[in-house]
Each structure stands twice: as C-alpha cells, then as structure tokens.
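Visitor: structure of the sequence below:
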Amino acid sequence: MKRHLTEHLACLAGGPLADHLAPGEGFEVISGGAAVRWHQTAAPAAEGDRCVWQLAQPGGALTARVVLELDPPRRAATYHVELTNSAAAQAVVEAIYPLVVRFPRLGGPWRTLTAGGGTSENFYPPRAYRPRERLVFGGEVRIESPACGRSSNRHLPLMLAAAGEQADGPGLFCGMEFCGGWSLALRHVGDGPFIRGALKLADVVLAAGETLALPPVHVGFFDGGLEAGTNALRRYLRERIIPRPPAGGPAGPAVSYNHWFGLTGDFDEALLRRQVARAAALGVEYWVHGPGWFEGGFPAGVGNWDRADPARYPRGLQALADAVRSAGMKFGLWFEVERAMPGTWAAEGFPQLFFPPQQQRQARHLNLARPDAADWAIETVSRWVERLGLEWIRFDYNIEPAPYLSAADATGRIQLDYCAGLCRVLDTLMQRHEPLRIETCSGGGRRIDLATLRRSHSLWLSDHTHNPDICRYVQCRFARLAPGSLGGSAVTVNHGAGGEGFGDRDVISRMCGALGFSGDVASWPAALTRRMRKWTDRYKRIRHLLDADFHQLLPTPTTDRDWDAVQFSDEGADESVVFAFRMAGNAERVSLALRRVDPQATYLVQNLATARRGRQVAGAELIRRGLTVALKPHSAGCIHVLAQR
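Guide: This is a model prediction of the structure:
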C-alpha cells in the first residue's frame, strides 16, 4: 500500500509522467492562511483497487478521509474526500482545491485542450464547444464557470494536458463531479507544472464535529498526444460515467421529436396530433411534448405542474399520450421544476421550498439544498411519469442560480448541498421509473458537467436549431470530448414552412449526435417526408458508431470557406462513418486521411446519400490515396466504411 494518493496515480500514468509525478494527497485545503500539511493517523487500508487514508491536520482542527478507486484497465482513478472538523469549536476553511496533481522538475512545454460551453449563437463558427489547443511554456491555462453559476456556460469542465514538445506526448484528463462554481488550471511556473481544480467557495465554516463531502475527482492518463487523450476520455465517460440506455429502447442514441423549436407556444392539440402522425412516418422513436403543456404557457406558466392546460387539453394529456403510443412511439414530457414563475401553483403552494425572491415579480428558484424540496421535485415529476406512462423527460433549467445561492450563503458552500440535492432527484427518477430516459438541458448546454453526465441519457446541446452549419459544428466539436450519442440537436421546421428547401444537408448536419426533429414536420411534402425517413433509417444503421473513437480529419473550421470532416471508427478497424461538410469556398473536393484502416483488409465504401451499393477499396489504397469526397457548395456527405472480412 503506497503512502500517497498520487503514488497510485503514478502507476497509472507510466513513462515520463510517472517519473515526475510528486507524492501527495491529490487535494489541497487552505485553513489558517496556509495549506494544510496532513499526516496519516493510521496505516492506509486497501481492498482490491480501493484504497483509504485517514489524515489529520497537525495541531489543527481538520481531519480528512480519502477514498481512492483505481481503474487500471482505463488507466484512470476516482477519489472522494471528506473533511471533518474534529475540534470542539468551529473551524474556517478559506479555500478548497479537490484536485491537485504536481509534476516537479518536469521541464518543457505542455499542450492543453479545452472547449467552450453550451451557449446558443447565431453566428459561424459559434463559441459553443469551440476547442482551444495551446502550447504552454509558462504561466497558466485556466478554464472556469462564469459568474451566473451555471456550470458549462463558459467552458466545459474538462481539461486534457499532454507533456513535452512532441505532439504525441503522454498526458492526462481530469474533471470534478460538480455542477456548481469551479475552475481548472494548468500552472507552469516555479519548480514545475501542476494541475489544480478549485471550488468557488470561500471562508466556509465547519461547526464542531461537522463533515463536508467534496465532489468526486476523476483523473485518467494516456499516451499518444491529445487525439489519443480525447478518445481515452470519451471511452472513460462512456464506460464509467454515462448511464446505460434503458431497456426497451435503442441501445444507441434515440431518434426523437419535440415540438418546441419551430412551433414554440403556437399550437393546439389538433396541430400536435398531425405532428404525431408525421413523426411516426419519419421513424421517430420518442415523441416529446415541449414547454407549454401547462396552464399559462411558457414561460409565464412555469410552475403550474398540477395540471395540463385546460384550454389546449380539455380532456387532459392522456389522449395525446395514447395517440403517440398507438403510432408506435414512446411519449415524453418537458419539465423545469427548479423554476417557478410568480403566481403559479408551485410558487403559491410551496413558497417555503424556494429561495426568497430578490425583487418583486422575480422567478422563484427551488432550493434543492433542502431535502424536502428535493422530495417535492421527485414526487412532482413522478406523478406525471406514472399518470402518462412517460418514457422520456427533458429536465430543463433556464435560470441563473448565482443571485439566489449567494444571497442564501455568501461562502458558496450551499452549492455542495444543492448539487447533492439535484443528483438525488435525477438518481431517484432514473431508478424509480425504469425505462425512463432523461435528457438534461439548461437553455441549451449550460449545465453539462460530470455530475449531470452521470445522470443523463442524452443532452440538449444548444437552443440554436435552425442553421444546419451551426448545428453540425456544435455536435462535431462536442463529440471531440464526449460520446457523440449524448449530443442532441434537431431538424427544425417553422410553422407552415415545410416547403422551404429542406434537403439532405439538413438531416446529415444533425447526425453527428442524437438526431431529432422539431416543429411543423407535418408541413413537409410527402416526397420530402419519404426522403427524410430514408435518412432516419440510415442513421439507425450507423448510430452505434457515434460512441466509437472520434477523429477530426481536417482542422477545426474558422470560416465558411473551410471544409469540416470527422470520422467515428471502432477500435478494430472494421467499421467507421465519415461526415463531410462544405459551406462556401472554391475547393470542390478534399482527400481525407482516414484513421483506423487495416492495410490488409478490403472495405466497402458507400455514400449513404445514394442508392448505389458502394465500391470495394483495398485498405492499403485508402491509406495511400485517402478518401476523396466531392461536394457542391452548402452540402454534406455521409460515407460508411465497412471491412469485408
């Protein structure tokens, strides 16, 4: 049993990183104006790949219990820290860094990869999920949550870093399982680089005997540079974090429909029933009712979870749910239980469960740090799941928490309890209502973190759904750091606008993640509906590959003259799918150097946009000449590559 947590991490790291990784506890606490220097109060305990340390602050009040869970096959580890005030008087913790990994004496540059958050832009390329690679010779690379308090409004809370001047150097990925305020930084100063993750808390008071559980920390190691690192991270998320799809549905990403984008609040039951029939014809698997099913509409009626809007649904929602199931689809519903507008059922009937409003007519924010508020959220959603037989919920969050949380607790500690309450709500709903699928959302992708990823079968990536190039960019960039099956977008049809030139590019541009349709699909002509149904069927043929390895085949586009091309490939070099996109520009064709090609194999290369069977190509020829793709301006291609063994 090794003395320090990071000695175990060194065994996972291997190679030069292991030689330079400093022994330590893997976390840091500032108390009394200085970092606590821990000593062990008992011999470390080990059981299989699980290790436990008991630590104490010499001459101080704090003790710590650290549990490390090793995952050698994935070269990764998770650790949990509990701080306890063992003194008879209160103790103050000035700052908490749940993640600290140091590499003293390791010279040379580091390469980092981070990504923007899940915002919703109407320009190209958008900021959403935009990757940023930097070669770091000194100073600091820092990503963090913004002042508003939503965890991924500015950056995704994940960082990859590779050491050395070579592009294929060894490295690590890391993140904290937390949906509150955070920062992650690679600092390259003084006696060597270190990675540190911080919680945005300050001067937290622990009462005598009180214990504070810190968010779990995840660290993994890789060789082969940042491309290998992204796929190591994606595999780790797929195999260790993201829940398996519920029984009874597709094993991969589901094809869904949601009325909101395109129709918004301009609908009645008769219009939605037409969408039900057309969605079934398109091959949709889950039909999800978006906002506005409750009295008062969206957003004014958010909080009226007691009944469906009697003006739109005089007989309730059951008849619509039955119609969806009769058409061969599963029924879902939108919720935003963490917000309640003034005068609604939730705000008026349960005011004690909400943070006090800071001004008149301000939306109420549910206080999930209270166990009774979490219980209320669980029961409120559960009643509808049971009443309507729901098999999908979109769990949305369109409110900025910082003003409410800071007013309740200036130290920020309440964020820990709030995150725990949110996790309990999602965990309970998932466990109680199998086969329920949970799609998390926050005005797009503004609350994507390891805590919500653990409790999401899919994510709504962005509230921008109209421009196919922006939707494609968002899905492809997100898939660089996370399994593609998670990232949802939708082909959106405005009310009565089905004849406005939709084509293959519109649907291929949403196939690099979870494919959806939205709005007035019933206004599509019959011929276009049949064409889109063919694409849905093709998507179902290749969707299992979206969780396979990801490869950015061309540089990330920065203008509308740049092509975009990505590949999803299995580890055995047996099957892959290539997506290529051309906007403007003079280049009519590109040659793509595919990854994961076996030179000894023969491949069937098929353009899924055509009815032709495809052509046989030797793997050695694909490696030598590449895959040539020709596209007209503002078009897209989807090429399936399958080994003939």
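
Visitor: show me the shaky parts of the chain.
Guide: For the chain, the stretches flagged by pLDDT under 70 are 191.

Visitor: now stretch 615-625 - C-alpha only, PDB.
Guide: The C-alpha coordinates for stretch 615-625 follow below in PDB (Å, rounded to 0.1, in the frame of the first residue of the first chain):
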ATOM      1  CA  ARG A 615     -17.300   0.200 -54.100                       C
ATOM      2  CA  GLN A 616     -14.700  -2.200 -52.900                       C
ATOM      3  CA  VAL A 617     -11.400  -0.500 -51.900                       C
ATOM      4  CA  ALA A 618      -8.300  -2.100 -50.500                       C
ATOM      5  CA  GLY A 619      -7.200  -0.800 -47.100                       C
ATOM      6  CA  ALA A 620      -3.700  -0.100 -48.400                       C
ATOM      7  CA  GLU A 621      -5.200   2.000 -51.200                       C
ATOM      8  CA  LEU A 622      -7.300   4.000 -48.700                       C
ATOM      9  CA  ILE A 623      -4.100   4.600 -46.700                       C
ATOM     10  CA  ARG A 624      -2.100   5.600 -49.700                       C
ATOM     11  CA  ARG A 625      -4.600   7.900 -51.500                       C
END
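
Visitor: identify each buried residue in it, please.
Guide: Neighbour-count burial for stretch 615-625, counted by 16 or more other C-beta atoms under 10 Å, picks out 617, 619, 622. In short, each C-beta sits where N, CA and C put it, glycine included.

Visitor: what about these, which are in strands?
Guide: Among the buried residues of stretch 615-625, the members found in strands (DSSP state E) are V617.

Visitor: now do the most centrally placed residue in the chain against K534, distance only.
Guide: The chain has I448 as the residue nearest its centroid, 4.5 Å off, counting by C-alpha atoms, centre = their mean. Going from I448 to K534 by C-beta to C-beta, to the nearest Å gives 32 Å.

Visitor: what do you get for F331?
Guide: Distance from F331 to K534, by C-beta to C-beta: 25 Å.

Visitor: could you chop this structure up by domain?
Guide: Following automatic domain parsing, one finds the domains of the chain at 5-241, 256-452+491-502+516-544, 549-643.

Visitor: check the offset of the shortest one from the chain's centre.
Guide: Right, the one you point to is domain 549-643. In terms of C-alpha atoms, centre = their mean, to the nearest Å, the centre of domain 549-643 is set 26 Å apart from its chain centre.

Visitor: same question for the longest one.
Guide: Here the centre of domain 256-452+491-502+516-544 is set off from its chain's centre by 17 Å, with C-alpha atoms, centre = their mean.

Visitor: burial check on K2, number of neighbours?
Guide: Here the count is done by other C-beta atoms under 10 Å, and K2 has 16 residues near it.

Visitor: give me every residue that touches it.
Guide: With contact taken as C-beta atoms under 8 Å, 6 or more residues apart in numbering, K2 is in contact with 8, 44, 51.

Visitor: tell me how many other residues crowd the nearest residue to S442 once chain neighbours are set aside.
Guide: Once flanking residues are discounted, S442 sits nearest to Y397: 4.1 Å by C-beta to C-beta, 6 or more residues apart in numbering. Residue crowding around Y397 was assessed by other C-beta under 10 Å; the count is 22.

Visitor: kindly indicate whether Y397 is helix, strand or coil.
Guide: coil (DSSP: H, G, I helix; E, B strand; the rest coil).

Visitor: I figured it hits F335, correct?
Guide: No - using C-beta atoms under 8 Å, Y397 is not in contact with F335, being 9.8 Å away.

Visitor: which residues of the stretch 151-300 of the chain fall in helices?
Guide: Assigned by DSSP state H, counting those that start in this stretch, the helices in the stretch 151-300 of the chain fall at 225-236, 260-263, 269-281.

Visitor: so what touches the longest one?
Guide: The contact list for helix 269-281, computed with C-beta under 8 Å, 6+ apart, reads 257, 259, 263, 287, 289, 312-313, 319-320, 323-324, 327-329, 517, 520-522, 524, 529, 533.
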